[in-house]
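Trainee: The following comprises the amino acid sequence and a computationally predicted model.
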Amino acid sequence: MRHVLAAVLATLALTAAACTSGGSENTLPIFPAPTPPSTTETFAGTVQVGGGDVHTFTAAAGNISITLTDAAPPAAIVMGLGLGTPATDGSCVFFSGAAVRAQAGTTAQLSGQLQSGGSLCVDVFDIGNQTEPVNYSVTIVHI
C-alpha cells in the first residue's frame, strides 16, 4: 500500500511541477510512435519439376523479409523466390525487382519496405534446374 501511495504522490508532484513550469504554453513530451509487433509466418510445400508453389497472406505497410529456410533434395539446390500480389488464376504477380534465385539459408533473400498493405503472395518455383520434386520451407516476417 505504501508503494502505491508513494507512486500517486510522485505522479501528483510531477503533474504539479509540469503545470507550474512558468511558460505560457503547455506542451506535452513527444514520444515516438510505437512499432507494431511483427508477424512471422512459415509456409512449407513441394515444388514439382517446372512448377511453383504459391502461398497468400495479408500484411500491413512496413518492413518485410522472406527467407527460404529449407529446400531439398538436393541439399544445395537454388530455387526461385518471389513476392507479389495474388492473381485470380492462383499465380503470383511479382513486384518489380521482387524475384530472386535463392539457396536455403538463415539470412533473408528478399527484404524491403511495403508501401501499402493488403493481400500478398510468395511463390517458390523451379528455375529450370530441378530433376525431381523439391520440398521447401519459407519464413516471412512482416507487420
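Mentor: Perfect, thanks for sending it. Remember, predicted model here, so these are calculated numbers, not experimental data.
Trainee: Helices along this structure, start to end?
Mentor: Along the chain, the stretches classed as helices by DSSP state H are 2-19.
Trainee: show me where pLDDT drops low in it?
Mentor: 1-26 (pLDDT under 70).
Trainee: what residues are up against residue 137?
Mentor: 42, 43, 44, 68, 69, 70, 71 (C-beta atoms under 8 Å, 6 or more residues apart in numbering). Backbone N, C-alpha and C define where each C-beta goes, glycine included.
Trainee: Now compare those residues and name the two farthest from each other.
Mentor: 42 and 71 (13.7 Å; C-beta to C-beta).
Trainee: Compare these two (neighbour count), which wins?
Mentor: Shown here are residue 42 and residue 71; by other C-beta atoms under 10 Å, residue 71 has more neighbours (24 against 12).
Trainee: List the beta-bridge partners for the more buried one.
Mentor: residue 136 (DSSP bridges).
Trainee: Quick check, residue 130 in contact with residue 50.
Mentor: Yes: counting by C-beta atoms under 8 Å, residue 130 does reach residue 50; the two are 7.4 Å apart.
Trainee: So for the two, which residue has more residues nearby?
Mentor: Neighbours were counted for residue 130 and for residue 50 using other C-beta under 10 Å; residue 130 has more, 20 against 9.
Trainee: Chain neighbours aside, what residue packs nearest to that one?
Mentor: residue 49 (4.7 Å; C-beta to C-beta, 6 or more residues apart in numbering).
Trainee: So what's the residue count around the one you found?
Mentor: Neighbours of residue 49 using other C-beta under 10 Å come to 12.
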